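Participant: Here you go, sequence then predicted model.
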Amino acid sequence: QKQVIPFQEGDASMIAHLGGKGANLAEMTRAGFPVPPGFTITTEACLAFFEKGNRLSDALLEQIEESLNQLEKQKGQTFGDADHPLLVSVRSGSVSSMPGMMDTILNLGLNDKTVQGLAALTNNEKFAYDCYRRLLQMFGSVVLGIESSHFETLLHRLKVNGGVHQDQEVTADGWKELIEAYKACILSKTGRPFPQNVYEQLKLAIEAVFKSWNNARAQIYRKMNRIPDDQGTAVNVQSMVFGNMGGNCGTGVVFTRNPSTGENTFFGEYLINAQGEDVVAGIRTPLAIAALQEEMPAIYEQLLDASKQLEKHYRDMQDIEFTVENNKLYLLQTRSGKRNAQAALKIVVDLVHEGVLTKQDAVSRIEVLHLDQLLHRGIDEASVSEVLAQGLPASPGAAVGQLVFDADTAEEWVKAGRTVILARTETTPEDIHGVIAAEGVLTSRGGMTSHAAVVARGMGKPCVCGCEEIRIEAEEKRMFAQSRLLEEGEWITLDGATGRVITGAMPLLEARMTDELLVVLKWADEIRTLKVFANADNPHDAGIARGLGAEGIGLCRTEHMFFSPARLPVVQRMILAEDKEERMKALAQLLPMQQSDFEGIFEQMEGFPVTIRLLDPPLHEFLPNLDDLQKRYAQLTYERESEGSIKEKAEVASMLRKVQALHEANPMLGQRGCRLGIVYPEIYDMQIEAIFRAAAKCIDAGVQVHPEIMIPLVGHVSELKILRELVDFVAQQVLGKDKLRECPYKVGTMIEVPRAALTAGQIAAHADFFSFGTNDLTQMTFGYSRDDAEGKFLTHYVNHKLLPHNPFQVLDTEGVGQLIELAVNAGRLVKPSLKTGICGEHGGDRESIFFCHRIGLDYVSCSPYRIPLARIAAAQAFL
Ligand code: PEP
Ligand code: MG
């Protein structure tokens with residue numbers, strides 16, 4: 001099988017084999033764009049390499065050599081030839097874009113002899129030796145694994161000794177001196193000289209790029225973006241063009257539209273006399289692309305023209321890397337440009353209006369993971385006092401946190417429950433775990449396309465970069481701005497939308513829907529068949545949910561209404577009551593409180609269904625902590641007695657007794673849900689009464705109500721049967737015949753115990769609806785404690801791929817999903833009109849929503865801020 005494909009033989013459809021970069025290089029080559037020739041080694045070759053214990057097979061090496069010979073003919077140069085040397089770059093290129101996560105080596109094919117040939121050919125000795133030292137440095141660090149700081153130190157020393165500041169000022173002799181120092185460094189660190197054999201260089205470089213698929217940062221990135229680990233990467237071997245040959249050369253990155261705002265304006269950055277990575281690495285701060293129009297007008301026009309064509313060709317905004325070699329333009333890569341959610345929305349809406357995309361295309365293009373960004377926060381301007389510095393607005397959203405200066409600390413502090421802002425001179429992919437942990441990222445160097453900017457935008461994380469007014473001294477854990485010293489732990493606020501760095505923790509404002517989002521959501525609503533409900537427990541959240549497009553409430557957890565300071569003591573009295581009479585008194589006090597909440601919710605959701613779940617959690621959740629009580633009791637026992645302490649001791653002893661009596665070894669499997677309602681019917685009685693009184697009041701006020709009363713944790717049909725009778729009885733009592741007609745209520749159950757799913761047919765006979773409580777259903781199907789599993793073994797399981805995902809985040813369709821499907825089918829067989837939905841956390845997860853659509857549920861219910869995401873995911877599931 002062919003594992004090496006020349007650019008001219010591939011095309012965009014071969015992305016699974018060629019990776020994104022390779023497929024696009026092939027496509028561009030075919031379409032006649034000026035792409036330096038080369039070839040791609042396929043992802044299959046990568047997987048075979050891993051299978052062979054990280055060895056390149058002889059057959060593959062043969063194919064590579066063949067393609068290299070072909071490339072030599074195309075270029076009229078020969079790899080390793082002293083007079084006309086062919087030089088190549090070796091770059092990774094995975095199927096899903098993973099910017100900056102894997103390795104690249106440039107200028108391959110240079111050695112002590114070919115460097116002279118390059119110097120003679122270009123009549124530019126300084127350039128040739130600059131390329132050679134770059135190769136030694138990249139090869140040394142990327143392929144041979146030598147800490148790059150060793151090379152940096154040698155370069156720094158050379159410049160200090162030579163009295164120069166910029167790399168460009170170093171002379172040819174300077175580079176020669178550095179090359180010898182680099183070679184010595186490589187020899188001493190690895191025990192072997194830098195390979196002069198260019199084939200050896202190429203082989204090692206390809207191996208290194210394959211291996212970089214498994215480096216730590218790539219693994220983290222894949223996990224975060226849910227990219228499968230078994231894709232492997234392709235490798236692109238491409239003939240070099242040089243942006244660092246002098247003043248009529250350069251290199252840069254352009255976006256066909258603004259990736260921060262989505263505006264249809266040409267956007268990008270470049271550097272004159274620089275090579276490939278200089279721009280993205282953020283080592284020198286580049287110029288805005290507009291400046292190229294003045295510096296190289298012809299090239300600018302050509303680039304603009306190519307960009308427009310590429311965007312049309314791919315029907316999407318493109319991110320294009322280019323190099324100018326001696327006034328000739330080359331395109332080195334094009335890909336769909338990373339963008340933030342707002343830009344993504346604006347771009348698809350514009351493309352629909354421009355007639356390039358259909359509404360369906362637009363909806364299916366929305367990345368729901370990024371939609372969160374839109375619901376991002378901003379700064380309350382009224383409270384901004386001191387703007388410390390101004391950087392580039394690299395990724396919108398506001399972030400508040402304590403300053404840290406390295407990724408490890410960021411991660412540690414966040415684990416300890418703090419929120420942090422990561423400040424770095426520039427970020428590298430090694431900092432990825434810190435970027436993930438931080439609320440926001442600040443860099444003092446690098447442009448809008450620097451690593452920090454690209455990565456943060458992708459994550460929807462606020463980022464301010466290139467903030468040159470700030471000097472960061474990471475070793476000393478401090479930074480300076482406007483002669484002010486800020487140390488680790490100080491609070492700052494970033495505004496990624498404007499680039500401002502502000503001292504102190506500013507209050508933040510919640511995000512709002514944008515016009516473009518509203519347009520796309522409307523399109524999504526036209527497409528989807530799955531309804532989207534909200535999990536909301538109070539009128540305020542219900543209002544937000546309505547505003548975000550909820551078509552009802554799928555889960556109102558009534559216990560959440562009991563946690564406020566005013567209510568908790570009453571709830572405790574209710575629980576600790578010595579007898580029924582005492583309990584009834586406390587319940588009577590709770591009733592009006594619940595009733596007024598229900599009234600508020602009904603008003604907010606007027607006309608839409610409101611699913612109210614009767615009390616569910618174990619009662620001890622409302623009580624003082626047993627350990628604390630025991631400790632206090634012991635303390636009081638050892639203390640000298642006083643009048644106060646005797647009284648307190650008696651109280652503590654009484655409380656302790658009650659709490660001990662209610663204590664359970666396994667409360668999640670204990671006295672909760674409907675079990676509670678059956679043993680203490682007066683509790684549910686009160687709740688049902690409150691619901692129907694609220695309904696009656698709303699009806700009187702002309703508000704339509706559709707209460708749906710939901711019984712939690714049913715495992716046996718008899719539980720539902722008895723409680724349904726209670727609901728119907730109370731409804732009749734409260735509403736009377738006339739009102740009953742105006743209040744079309746439903747009674748249903750949560751399916752969250754496996755036995756309920758297995759006996760769904762029986763249960764459906766007494767239920768108007770099923771709502772799958774997939775949090776508990778996952779807990780009970782796996783037998784994993786939902787409160788403890790992550791911290792104990794589950795993270796390990798996911799990291800070691802024993803499970804594809806955390807099943808509490810992404811629904812386990814194979815196991816838990818099978819139970820759901822079975823229950824839906826069995827239930828509908830008995831009752832075709834049975835309404836079905838899901839209200840566990842999975843209701844806001846894209847993949848899980850796809851599953852819900854596929855098995856034909858009527859609705860998903862999720863937290864208010866995930867509703868836009870769910871509306872779009874539901875439409876995508878349909879497409
Ligand atoms: C569930 O178990 O999925 C559910 C929605 O209920 P809770 O999370 O309140 O247990
Ligand atoms: Mg539950």
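Facilitator: Structure received. Ligands and ions are numbered 1, 2, ... in the order given.
Participant: What residues does the residue nearest the centre of the chain make contact with?
Facilitator: Centroid-nearest residue in the chain: Met459, 5.1 Å away (criterion: CA atoms, centre = their mean). The contact partners of Met459, by CB atoms under 8 Å, 6 or more residues apart in numbering, come to Met224, Val435, Ile436. C-beta here means a position set from N, CA and C on the backbone, and glycine is covered the same way.
Participant: For my notes, please list these in CSV and give secondary structure and distance to Gly337 for each entry.
Facilitator: As requested, these are exported to CSV (DSSP: H, G, I helix; E, B strand; the rest coil; distance: CB to CB, whole Å):
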residue, secondary structure, distance to Gly337
Met224, helix, 19
Val435, helix, 19
Ile436, helix, 22
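Participant: and which of these is nearest to ligand 1?
Facilitator: Met224 (24.8 Å; CB to the nearest ligand atom).
Participant: Would you agree the closest one is in contact with Ala437?
Facilitator: No: between Met224 and Ala437 there is no contact under CB atoms under 8 Å: 11.5 Å.
Participant: what about these two, which has more around it?
Facilitator: Ala437 (22 against 15; other CB atoms under 10 Å).
Participant: Do me a favour and get the backbone dihedrals for the closest residue to the more buried one other than its chain neighbours.
Facilitator: Closest residue to Ala437 apart from its sequence neighbours, by CB to CB, 6 or more residues apart in numbering: Val414 at 4.1 Å. Main-chain torsions, Val414, degrees, to the nearest 10: phi -70, psi -40.
Participant: Output the set of residues of the stretch 751-879 of the chain in proximity to ligand 1.
Facilitator: Proximity of the stretch 751-879 of the chain to ligand 1, by CB under 6 Å from any ligand atom, involves residues Glu752, Gly773, Thr774, Asn775, Asp776, Cys839, Gly840.
Participant: Skipping its backbone neighbours, what lies nearest the last one in space?
Facilitator: Just to be clear, that refers to Gly840. That would be Thr774: by CB to CB, 6+ apart, it lies 3.0 Å from Gly840.
Participant: I'd assumed His842 was in contact with that neighbour.
Facilitator: Yes: Thr774 lies in contact with His842 (CB under 8 Å); the separation is 4.8 Å.
Participant: between these two, what contacts are shared?
Facilitator: Joint contacts of Thr774 and His842 (CB under 8 Å, 6+ apart) are Leu811, Ser848.
Participant: what bits of the stretch 501-650 of the chain have low per-residue confidence?
Facilitator: 512 (pLDDT under 70).
Participant: Quick one: the strands in it, in order.
Facilitator: With strands called from DSSP state E, counting those that start in this stretch, the stretch 501-650 of the chain shows them at 508-509, 531-535, 553-557, 609-613.
Participant: Highest mean neighbour count out of those strands?
Facilitator: Counting by mean count of other CB atoms under 10 Å, strand 531-535 has the highest mean neighbour count of the strands of the stretch 501-650 of the chain, with a mean of 28.
Participant: What pairs with that one, parallel or antiparallel?
Facilitator: Here strand 531-535 is paired, per DSSP bridges, with strand 553-557 (parallel), strand 859-862 (parallel).
Participant: For the protein, list the residues in contact with ligand 2, please.
Facilitator: Taking CB under 5 Å from the ion as the criterion, the chain approaches ligand 2 at residues Glu752, Gly773, Asp776.
Participant: Could you tell me how many residues sit around the spatially closest residue to the second one that is not a sequence neighbour?
Facilitator: Which is Gly773. Leaving aside its sequence neighbours, Gly773 sits nearest to Glu752 (CB to CB, 6+ apart; 3.3 Å). Neighbour count of Glu752, defined by other CB under 10 Å: 26.
Participant: Who are the contact partners of Glu752?
Facilitator: Residues in contact with Glu752 (CB under 8 Å, 6+ apart) are Pro712, Leu713, Phe772, Gly773, Thr774, Asn775, Asp776, Leu777, Met780, Gly840.
Participant: So the closest residue to Pro99 other than its chain neighbours versus Cys465, what's the distance?
Facilitator: Nearest residue to Pro99, sequence neighbours excluded (CB to CB, 6+ apart): Val454, at 5.3 Å. Counting by CB to CB, to the nearest Å, the separation of Val454 from Cys465 is 10 Å.
Participant: Assign Tyr270 to helix, strand or coil.
Facilitator: strand (DSSP: H, G, I helix; E, B strand; the rest coil).
Participant: correct me, but it touches Gly276?
Facilitator: No: assessed by CB under 8 Å, Tyr270 is found out of contact with Gly276, at 11.9 Å.
Participant: higher neighbour count, these two?
Facilitator: Legend: neighbour count by other CB under 10 Å for Tyr270 and Gly276, higher for Tyr270 (29 against 23).
Participant: Please, which helix or strand holds the nearest residue to Pro37 once chain neighbours are set aside?
Facilitator: Counting by CB to CB, 6+ apart, Gln74 is the residue found nearest to Pro37 once chain neighbours are left out, at 4.7 Å. If you go by DSSP states H and E, Gln74 is part of helix 58-75.
Participant: Let me see the backbone angles for Arg339.
Facilitator: phi -150, psi 160.
Participant: just Leu331 next, same as before
Facilitator: phi -100, psi 130.
Participant: go on, Lys831?
Facilitator: phi -140, psi 90.
Participant: From ligand 2, how far off is it?
Facilitator: 23 Å (CB to the ion, to the nearest Å).
Participant: How about the residues of the protein by ligand 1?
Facilitator: When proximity is defined as CB under 6 Å from any ligand atom, the chain approaches ligand 1 at Leu555, Arg557, Asp616, Glu752, Gly773, Thr774, Asn775, Asp776, Cys839, Gly840.
Participant: Contacts only, for the third one.
Facilitator: Shown here is Asp616, whose contacts under the criterion CB under 8 Å, 6+ apart are Arg557, Thr558, Glu559, Arg672, Gly673, Leu676, Pro712, Leu713.
Participant: thinking again about what came up before, Val454 and Cys465: which has the busier surroundings?
Facilitator: Counting neighbours by other CB under 10 Å for Val454 and for Cys465 shows that Cys465 has the greater number, 31 against 26.
Participant: Test my guess that the more buried one contacts Val455.
Facilitator: No: using CB under 8 Å, Cys465 makes no contact with Val455, being 10.5 Å away.
Participant: Common neighbours of those two, please.
Facilitator: Shared contacts of Cys465 and Val455, counting by CB under 8 Å, 6+ apart, come down to Val441.
Participant: quick one: least confident helix or strand in this protein?
Facilitator: Using mean pLDDT, DSSP states H and E, helix 277-280 stands out as the lowest-scoring helix or strand of the chain, at a mean of 64.
Participant: Now Gly252: phi and psi?
Facilitator: Dihedral angles for Gly252 - degrees, to the nearest 10 - are phi -170, psi -180.
Participant: The closest residue to it other than its chain neighbours pairs with what?
Facilitator: Residue nearest to Gly252 in three dimensions, not counting chain neighbours: Tyr270, with 2.7 Å by CB to CB, 6+ apart. On the basis of DSSP bridges, Tyr270 is bridged to Gly252, Leu287.
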